[in-house]
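**Q** how would this look folded up:
(2 chains)
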There are 2 protein chains.
Amino acid sequence: MNSHRTIFALALAALLPLHVGAQTPPPTSAEVLANAPSDAWRSPDPARTLYLDLPPGRVVIELASDFAPAHAQNIRTLAHHGYWDGLSILRAQDNYVVQWGDPNAGSEQARPLAPAKRKLPAEFDRSSDDLPFTVLSDGDIYAPQVGWVAGFPVGRDPATGRTWLTHCYGMVGAGRDAAADSSNGAELYVVIGHAPRHLDRNITLVGRVLDGMQWLSTLPRGSGALGFYEQPGQRLTIPHLRLASDVPAAERSTIQVMRTDSASFAQWIQARRNRREDWFISPVGHVELCNVPIPVRAQP
Amino acid sequence: MNSHRTIFALALAALLPLHVGAQTPPPTSAEVLANAPSDAWRSPDPARTLYLDLPPGRVVIELASDFAPAHAQNIRTLAHHGYWDGLSILRAQDNYVVQWGDPNAGSEQARPLAPAKRKLPAEFDRSSDDLPFTVLSDGDIYAPQVGWVAGFPVGRDPATGRTWLTHCYGMVGAGRDAAADSSNGAELYVVIGHAPRHLDRNITLVGRVLDGMQWLSTLPRGSGALGFYEQPGQRLTIPHLRLASDVPAAERSTIQVMRTDSASFAQWIQARRNRREDWFISPVGHVELCNVPIPVRAQP
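**A** Numbers count the residues shown, from 1 in each chain, chains lettered A, B, ... in the order given. Predicted coordinates:
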């Protein structure tokens, strides 16, 4: 396959040790990954991690308990009691979202939510106080400031003192009706296309997919309005959606996530901003929030 | 399905006729589409339109002859002579690109390009002179100015007088090796994820998918480096990739595209910037280039 013209090739053959020196260029993305120390990585907390196990593979979701505590707790309760097991993927809209939940929601056949709550407050944003914030200095079209808090992409407004999760690829949210407080976490959606940032602060984001996005992004698109499947037989049944802490340790995912407050992540941002790989011809010099994927690796 | 919590519902029930008046709010997206006059729509020129016919459906691609004339001409020649018929989808990398071409490229078994050219100039940008430009006033992280030229999203630099196509969802480019002028249009890629705008001006974009993105975006992701399929049997064979003008008129797609220099498109931008649908709670007030999809409809 070496002969294929690719649109980006990692300079894996040119891994260099990191050392300080005026003549040393900043590391490339591949160099950052190869040289990140073990303390630049963290293992997600099983008590706030979901496994959506679909027939072709596992989707690993980290809950954003610091931003949506009520939703995260309700989702943990739902998962612990097997609420989604046997329910369905309801919707796949191209370049937008995949959504799952109860096909019978709102009818007499609806699966009961109890002991989870039927009603939760909207959790669109929160106070910036005490939040460790890794700023992205490149600006943003939608928010006064953007960056990362504990592994999640965020917007922030210094004038109001508020911080909120942003709808980058792979973010997970709680579907709602017209009322701001009409979500309860039983219907979840995942962004599978270009970041629909206009949804920020209009709906409660509850987490982020750490691994397995391809099992959602490749689902057949629904032919109905908003990408809903029109026939029950078109819906993929969900075998299991469980809390990682309810899964035997031997069956848990072993992925690690780069800490967004680490020196390695700062290098990673810089490597994404100024692409130093040989393939690039024009310097880029800027990077947008949702174009900085947060690195994941298998536990060494 | 009415009971499902959706994350966005078009206010289709509230279509209003457009009329001038201080009390009339700007139209929503649905209202713009419903009220766009016939001259706001155009039918793509069959001589610059490609049909990538895959088993599940047709992908319609409009060539950007004004930005990549040499590539567009070579691609037209390749399509006219059936170059891609029986070749394969080679690569599907999640949140990035799908790419197709000759699995044997570079070997003795490679399919000959002739009468198309083996070598073309890089066509990364072009003079802004004489280009009709619809500006998006909301700013951009990557380019001094952004907007649209004749149906394509573009970046523009008033200081240099150059304009270039941008890597929004659905844009089509010509894979290249390390050398800037190493693409010839025989290997094409399509953006299937968040806009990789760092590729702008680093590679030749040649067109845009007008319809059928789902037949590419749902392809299984390749497990090799950069999303290449590792086994030949994993590659989807391309039945036909033809110029629309080589297809009998009765078999042609009847889609129409909203003109990006129309008053309707200006309303569309505004409707995407300030979401007036009842579902939205916080005003947005800004929109990013790649979050303004260009409307397509079936010919009435």
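**Q** Does chain B have contacts with stretch A:165-173?
**A** Yes. Contact between stretch A:165-173 and chain B is present through A:168-170, A:173 (criterion: C-beta under 8 Å from any C-beta of the partner chain). C-beta here means a position set from N, CA and C on the backbone, and glycine is covered the same way.
**Q** Turn those into JSON lines, including distance to residue B:230 and neighbour count.
**A** Putting the residues of stretch A:165-173 next to chain B into JSON lines (distance: C-beta to C-beta, whole Å; neighbours: other C-beta atoms under 10 Å in any protein chain shown) gives the following:
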{"residue": "A:168", "distance to residue B:230": "29", "neighbour count": "27"}
{"residue": "A:169", "distance to residue B:230": "24", "neighbour count": "23"}
{"residue": "A:170", "distance to residue B:230": "24", "neighbour count": "28"}
{"residue": "A:173", "distance to residue B:230": "34", "neighbour count": "27"}
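**Q** Which ones among these lie within strands?
**A** residue A:173 (DSSP state E).
**Q** Check whether residue A:135 really touches residue A:145, as I assumed.
**A** Yes. Here residue A:135 reaches residue A:145: they are 6.3 Å apart, a contact under C-beta atoms under 8 Å.
**Q** so what sits against both of those two?
**A** Shared contacts of residue A:135 and residue A:145, defined by C-beta atoms under 8 Å, 6 or more residues apart in numbering or on different chains, are absent.
**Q** low pLDDT regions in the stretch 1-150 of chain A?
**A** Low-confidence segments of the stretch 1-150 of chain A, defined by pLDDT under 70: A:1-23.
**Q** What is the nearest of the residues of stretch A:165-173 next to chain B to residue A:289?
**A** Among the residues of stretch A:165-173 next to chain B, residue A:168 lies closest to residue A:289 (C-beta to C-beta), at 6.6 Å.
**Q** So for residue A:135 and residue A:145, which residue has more residues nearby?
**A** residue A:145 (17 against 11; other C-beta atoms under 10 Å in any protein chain shown).
**Q** For chain B, see how far away the more buried one is.
**A** Relative to chain B, residue A:145 is positioned 13 Å away (C-beta to the nearest C-beta, to the nearest Å).
**Q** check contacts around that residue.
**A** Contacts for residue A:145 (C-beta under 8 Å, 6+ apart) come out as A:135, A:155-158.
**Q** circling back to that earlier point, output the residues of stretch A:165-173 next to chain B as TSV; include the columns pLDDT.
**A** Converted to TSV, the residues of stretch A:165-173 next to chain B look like this (pLDDT from 0 to 100):
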residue	pLDDT
A:168	98
A:169	98
A:170	98
A:173	98
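**Q** which pair in the residues of stretch A:165-173 next to chain B spans the largest distance?
**A** Pairwise across these, and taking C-beta to C-beta, the largest span is found between A:169 and A:173, at 12.7 Å.
**Q** Mind listing the shared neighbours of those two?
**A** Residues touching both residue A:169 and residue A:173 (C-beta under 8 Å, 6+ apart): residue A:191.
**Q** Helices of chain A, start to end?
**A** A:29-35, A:69-80, A:214-217, A:263-273 (DSSP state H).
**Q** what's the third one packed up against?
**A** It stands for helix A:214-217. strand A:49-54, strand A:57-63 (3 or more C-beta pairs under 8 Å, 6 or more residues apart in numbering or on different chains; DSSP states H and E).
**Q** count of neighbours near the residue of the stretch 51-200 of chain A found nearest chain B?
**A** With C-beta to the nearest C-beta as the measure, residue A:106 is the residue of the stretch 51-200 of chain A nearest to chain B, at 2.6 Å. By the measure other C-beta under 10 Å, the count of residues near residue A:106 is 13.
**Q** Was I right to think residue A:37 contacts residue A:264?
**A** Yes. At 7.1 Å, residue A:37 counts as touching residue A:264 under the criterion of C-beta under 8 Å.
**Q** neighbour-wise, which of those two wins?
**A** Taking other C-beta under 10 Å, residue A:37 and residue A:264 do not tie; residue A:264 has more neighbours (21 against 10).
**Q** follow-up on the earlier one: most tightly surrounded among the helices and strands packed on helix A:214-217?
**A** Neighbour counts (mean count of other C-beta atoms under 10 Å in any protein chain shown) averaged over each of the helices and strands packed on helix A:214-217 peak at strand A:49-54, with a mean of 23.
**Q** and that one with strand A:57-63, angle?
**A** Put simply, strand A:49-54 runs at 150 degrees to strand A:57-63, going by axes from the mean of the first three to the mean of the last three C-alpha atoms, to 10 degrees.
**Q** Can you spell out which helices and strands pack onto strand A:49-54?
**A** Counting contacts by 3+ C-beta pairs under 8 Å, 6+ apart, strand A:49-54 packs against strand A:57-63, helix A:214-217, strand A:240-243.
**Q** strand partners of it, parallel vs antiparallel please.
**A** Using DSSP bridges, strand A:49-54 pairs in its sheet with strand A:57-63 (antiparallel), strand A:240-243 (antiparallel).
**Q** one step back: just so I know, which of the helices and strands packed on helix A:214-217 lies nearest residue B:76?
**A** Each of these has some distance to residue B:76 by C-beta to C-beta; the shortest is strand A:57-63, at 40.1 Å.
**Q** Out of the helices of chain A, which one sits most buried?
**A** Buried most deeply of those, by mean count of other C-beta under 10 Å, is helix A:214-217, with a mean of 23.
**Q** which outside residues touch it?
**A** Outside helix A:214-217, the residues that touch it by C-beta under 8 Å, 6+ apart are A:52, A:54, A:56-59, A:92, A:98, A:190, A:192, A:209, B:94-95, B:193, B:217-218, B:220-221.
**Q** redo that, cut-off 10 Å
**A** Residues outside helix A:214-217 that contact it (C-beta atoms under 10 Å, 6 or more residues apart in numbering or on different chains): A:52-59, A:89, A:92, A:94, A:97-100, A:169-170, A:172, A:189-193, A:209, A:236, B:92-95, B:192-193, B:217-218, B:220-223, B:227.
**Q** Mind checking which of the residues you listed are buried?
**A** Buried by 16 or more other C-beta atoms under 10 Å in any protein chain shown: A:52-54, A:58-59, A:89, A:92, A:94, A:97-100, A:169-170, A:172, A:189-193, A:209, A:236, B:92-95, B:192-193, B:217-218, B:221-222, B:227, out of the contacts of helix A:214-217.
**Q** give the contact list for residue A:280.
**A** Contacts of residue A:280 (C-beta under 10 Å, 6+ apart): A:8, A:28, A:274, B:178, B:198-199, B:201-203.
**Q** Highest neighbour count among the residues you listed?
**A** Ranking the contacts of residue A:280 using other C-beta under 10 Å puts residue B:203 first, with 27 neighbours.
**Q** pretty sure that one contacts residue B:124?
**A** Yes. Residue B:203 lies in contact with residue B:124 (C-beta atoms under 10 Å); the separation is 7.1 Å.
**Q** where exactly do the strands run in the stretch 51-200 of chain A?
**A** Using DSSP state E, counting those that start in this stretch, the strands of the stretch 51-200 of chain A run over A:57-63, A:88-92, A:97-101, A:126-127, A:134-136, A:145-149, A:152-157, A:162-165, A:171-174, A:188-191.
**Q** how much space between the residue nearest to residue A:196 when sequence neighbours are not counted and residue B:208?
**A** Spatial nearest neighbour of residue A:196, chain neighbours left out: residue A:167 (5.0 Å); criterion: C-beta to C-beta, 6 or more residues apart in numbering or on different chains. Using C-beta to C-beta, to the nearest Å, residue A:167 is found at 23 Å from residue B:208.
**Q** So if I had to pick from those two, which one is more boxed in?
**A** Per other C-beta under 10 Å, whichever of residue A:167 and residue B:208 has more neighbours is residue A:167, with 26 against 23.
**Q** Contact partners for residue A:231?
**A** When contacts are taken as C-beta under 10 Å, 6+ apart, residue A:231 is in contact with A:222-224.
**Q** any idea which of those is closest to chain B?
**A** Once C-beta to the nearest C-beta is applied, the member of these that ends up nearest chain B is residue A:224, at 7.2 Å.
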